[in-house]
Every structure is written in structure tokens, then in C-alpha cells.
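Student: dropping a prediction and its sequence here:
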Amino acid sequence: MIPICLILFILFIAVITFAIKRADSAQAKVTEEFWEKERKANSTLRGDTTDLCYITIPERFFPLNNDKINDLKDKTLINLTGMTNTDLKLKYGILNFKKLSEYDDNFTKFVSMLPDYYNRLTEAGYESLANELLEFAVEQGADSKSVYSLLANTFVSMSKADRLAELIEKAKQLNSLSRDGIVSMLESLQADAASVLYY
């Protein structure tokens, strides 16, 4: 008579083997689909770019000289957050890829420089302009937690609960991996502000 523990062990091994084979099959399918998509992307020469929103930072946001962000003053920016290189080539073509990647890099640099530039503006007495710049960045789809935090805290300090609620809704529309973290941070800030006001 075969011991029950041996039967259970054999069944366990069989289940594990089946699960591994199934996972390997699924991964192979994903890999195959990726390379097929990449092949199509590299075969797409040029796509329609009329749906893109080209961004130029308004001149009024550059009152300070000799700042790194000034290098972006005359450059074109595009927010392509959420799109992979493959997606970009597939939709807009490989002939547009280099140019659009450069525009997207410009936008990424702009967003990454904002917190430091915001501090520089406020220290120089341009607090209102600094807040406008943050709002401009959010409107363009910036997905920086620091940018949202700075703007949210400004709304809290000014007792503008309605603007904070608008900011949360804006964050929920982000097509970014950082969306959930930003929304959670804002909702926590909103709850803290409400509890202080209630108290």
C-alpha cells in the first residue's frame, strides 16, 4: 500500500510542474507578442503626429538669469509619459522617434527641475509666479510627487480646499506609475487639513 503522504507529495509535484509549464508558456507568449510589436514598430516609418500637444514654457516664468531651466526656454516639450519606445515608434514612426524622444526628454528635465526652481523663485520674491508655474506643469501632465506636494501645501496654507480637491481629480487622470502614490499623498494631506479645520 502506497503511503498517503507519498501520494500527496506526488500530487504536489505534479501541480507545481503544471504551474511552472503554464507560467513558462505564458511568458513565452508575452515575449513573442513583444517582439512582434517591436518588429511592426520598426517597420512604421512615419505616423500622424497631429494629436500631439506641443508645449512651450511661457516667457513670464523666466525672471531669473543663469538658471539651468532657462536652457529649456526656447525648446519644444512633449509629455509622452506612459508610452514605451515601442509604443512611440509604432504610433508615430521611426522617422519621428528621435525628435519626439528629445521633446519628451525636455519635458522630463523641466519637471525634474521644478522643485528647485520653485524654491529659487520664492526666495527671489516671485512666490505667486512660482505657484503659477506649478499649476502650469500640472496642467501639462507632470507626474512629479514633489510638484504636487508643493502645490497642494500651497492650497492648504491658503485654505483653498476646493483647489486641493481639483488637484486630486487631476492626479487621478495621470497615465503614470506614480499616479496612485500621488493621489494617496494628496488625499492624506486633504484629510489632515480637514481634521485641523474641524478641530
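Tutor: Done, it's in. Numbering: from 1, shown residues only.
Student: so how far is the helix or strand harbouring K99 off the chain centroid?
Tutor: Using DSSP states H and E, K99 falls within helix 94-123. Relative to the centre of its chain, helix 94-123 is centred 13 Å away, using Cα atoms, centre = their mean, to the nearest Å.
Student: identify the residue spatially nearest to the spatially most central residue of the chain, adjacent ones excluded.
Tutor: Nearest to the geometric centre of the chain sits S176, at 3.6 Å (Cα atoms, centre = their mean). The shortest distance from S176 to any residue other than its chain neighbours is 3.8 Å, reached at D143 (Cβ to Cβ, 6 or more residues apart in numbering). Just so you know, the C-beta spots here come from the backbone N, C-alpha and C atoms, and that holds for glycine as well.
Student: can you classify that neighbour as helix, strand or coil?
Tutor: coil (DSSP: H, G, I helix; E, B strand; the rest coil).
Student: for it, give me the pLDDT.
Tutor: Note for D143: predicted pLDDT of 93.
Student: pretty sure it sits against T81.
Tutor: Yes. Assessed by Cβ atoms under 8 Å, D143 is found in contact with T81 at 5.6 Å.
Student: overlap of the contact sets of those two?
Tutor: 174, 176 (Cβ atoms under 8 Å, 6 or more residues apart in numbering).
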